[in-house]
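Novice: predicted model and sequence below, questions to follow.
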Amino acid sequence: MPYPAAIRKTYIYQDSNSSSDTLAPMFLKPNWRILTIGDGDLSFSASLWNRFKPAQLTATVFDSQQTLADKYQYHSIGQLNTNANQQVLFGFDVTNPDTWNHLKKHSFDLVIFQFPLVPAFSDPNYFHNMGDISINTLNRLLLRKFLIHCNEFFLDPNGQQLCYITSKDVKPYSEWNIENSLNRGLKHIKYLGSMPFNISDFPGYKIRNVDRDKHVKDTQGITYIWSSKTGNKHDIIKSRGLIAKSHQGEKYCEFCKAGPFVSAGDKSLHERSKKHQLMQQYEDQYARAIET
Ligand SMILES: C[S@@+](CC[C@H](N)C(=O)[O-])C[C@H]1O[C@@H](n2cnc3c(N)ncnc32)[C@H](O)[C@@H]1O
C-alpha cells in the first residue's frame with residue numbers, strides 16, 4: 001500500500017543549475033547508475049529516484065514482495081518500476097550470489113546500503129550452528145560481504161566504484177567499528193571517509209525497523225564511503241571534504257573512540273575497562289571469522 005499523502009512528500013529535484021555535475025546533499029550525481037541494497041519498504045529508493053533522477057536505479061529488497069507487503073502497512077512498491085531506467089528486485093540477499101545471478105555484472109557506479117542490520121533468525125539453531133559467533137560479528141560479516149560483492153560483481157571498474165553504508169553512531173551500531181574493522185583484509189577496496197546523513201534530503205523516506213512495521217524517527221546517520229579508486233583520483237575527494245577517521249594513533253583507542261590518553265597508565269586503565277574488553281572480544285572474534 002502506498003503512503004497516504006500526509007506521509008508521502010513527493011519532491012521532484014529542481015535545480016536551476018541542473019547539469020550532470022549537480023551535486024546532491026548525499027554525494028550523488030544524476031548520470032550515475034545506482035544499486036540500493038536491503039531497502040526495507042522501498043521508500044529510500046523511491047525518494048532517491050523522485051529527488052535525484054539517477055540515470056539508472058536498481059532497488060533491491062531482502063524480503064519477497066509478499067513478505068514486504070505483509071510486513072509494512074505503508075510501502076513504496078507502487079512508486080517504482082514505472083520507468084525503463086528503474087528495476088526492483090525482491091529476495092535479494094547481498095551475501096548470496098545465487099539470489100542475484102541474473103543481475104548484469106559490473107554495471108553500477110554506486111551501491112548504497114542504508115542502515116544495514118541482520119534480521120532476527122526464525123531458526124533457533126542458527127546461532128548454535130554458527131559456533132560462538134555474536135550478532136555483532138554477523139553484522140560485520142554482512143557489511144564485509146557487501147563490500148566484497150560490490151567490488152567483485154556490482155561496480156563498473158570504469159565507473160565511480162563507490163560503496164556507501166549509512167549507519168548510526170550509537171550502540172549497537174557503533175560497536176561494529178565500521179571505519180576501522182571493515183578495512184581488515186580488504187585488499188581492493190579502501191575506506192575514504194564519511195559524510196553526515198541528513199534524512200530531510202530524502203522526503204518520504206522512512207527508516208525501517210528490520211523485522212517490524214515500525215520506523216525510526218529523526219535518526220542521526222553517518223554515511224561511510226569505500227572505493228577501489230583511492231587517493232586524489234576520486235571526484236568525491238576533490239568535490240567534498242570527507243570527514244576523516246578520528247581517534248587514530250598511540251594516544252587513542254580506535255575501537256572505543258576514546259582518548260587522547262594523557263599517559264601510558266591512562267591508556268592501560270582504559271584497556272582494562274569493561275567497554276574496551278568487550279570491544280576487544282568483538283575485534284578478536286571478527287578477526288577469527290574472516291580468517292576462516
Ligand atoms: C534496519 S533495516 C533498514 C531497512 C532500510 N534499508 C531502511 O533504511 O529503512 C535493515 C535492512 O537490512 C536488510 N538486510 C539484512 N540482511 C541482508 C542481506 N543479507 N541482504 C540484503 N539485505 C539485508 C534487511 O532486510 C532490512 O531491510
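Specialist: That came through fine.
Novice: residues near the residue in the chain positioned nearest to the ligand, how many?
Specialist: Closest approach between the chain and the ligand, counting by Cβ to the nearest ligand atom: Gly38, at 2.8 Å. (Glycine included, C-beta is placed from N, CA and C.) With neighbours defined by other Cβ atoms under 10 Å, the count for Gly38 comes to 24.
Novice: can you tell me the SS state at the closest residue to it other than its chain neighbours?
Specialist: Once flanking residues are discounted, Gly38 sits nearest to Phe62: 5.3 Å by Cβ to Cβ, 6 or more residues apart in numbering. Secondary structure state of Phe62, per DSSP: H, G, I helix; E, B strand; the rest coil, is coil.
Novice: quick check: residues of this protein near the ligand?
Specialist: Contact residues, the chain versus the ligand (Cβ under 6 Å from any ligand atom): 37-40, 44, 62, 93-95, 114-119, 142, 207-208, 210.
Novice: narrow those to those in helices?
Specialist: Among the residues of the chain next to the ligand, the ones falling in helices (DSSP state H) are 44, 142.
Novice: from the residues of the chain next to the ligand, list the buried ones, please.
Specialist: Among those, those classed as buried by 16 or more other Cβ atoms under 10 Å are 37-40, 44, 62, 94, 114-118, 142, 207-208.
Novice: just these: which are in strands?
Specialist: 37, 114, 207-208 (DSSP state E).
Novice: farthest-separated two in the residues you listed?
Specialist: Using Cβ to Cβ, the pair of these lying farthest apart is Ile37 and Ile207, separated by 14.5 Å.
Novice: what sits against the residue nearest to Gly38?
Specialist: Counting by Cβ atoms under 8 Å, 6 or more residues apart in numbering, Phe62 makes contact with 38, 91-93, 119.
Novice: go through the residues you listed and name the one nearest Lys168.
Specialist: Nearest to Lys168 out of the contacts of Phe62 is Gly38 (Cβ to Cβ; 15.1 Å).
Novice: what residue lies at the spatial centre of this protein?
Specialist: Residue closest to the average C-alpha location in the chain (Cα atoms, centre = their mean): Ile165, at 2.3 Å.
Novice: that one contacts Tyr224, doesn't it?
Specialist: Yes: using Cβ atoms under 8 Å, Ile165 makes contact with Tyr224 at a distance of 4.8 Å.
Novice: now the common contact residues for those two.
Specialist: Contacts common to Ile165 and Tyr224, judged by Cβ under 8 Å, 6+ apart, are Ile178.
Novice: the residue nearest to Asn136 when sequence neighbours are not counted: which element?
Specialist: Distances taken as Cβ to Cβ, 6+ apart place Tyr282 nearest to Asn136, at 4.9 Å, with adjacent residues excluded. Per DSSP states H and E, Tyr282 falls inside helix 274-291.
Novice: what sits up against that helix?
Specialist: Residues outside helix 274-291 that contact it (Cβ under 8 Å, 6+ apart): 132-134, 136-137, 140-141, 144, 175, 177, 181, 184-185, 253, 255-256, 258, 270-271.
Novice: which of these fall within helices?
Specialist: When DSSP H defines the helices, the subset of the contacts of helix 274-291 inside them is 136-137, 140-141, 144, 181, 270-271.
Novice: could you check how far stretch 75-82 is from the centre of its chain?
Specialist: Its chain's C-alpha centre and that of stretch 75-82 lie 21 Å apart, by Cα atoms, centre = their mean, to the nearest Å.
Novice: swap that for stretch 249-263, sorry
Specialist: With Cα atoms, centre = their mean, you get 26 Å for stretch 249-263.
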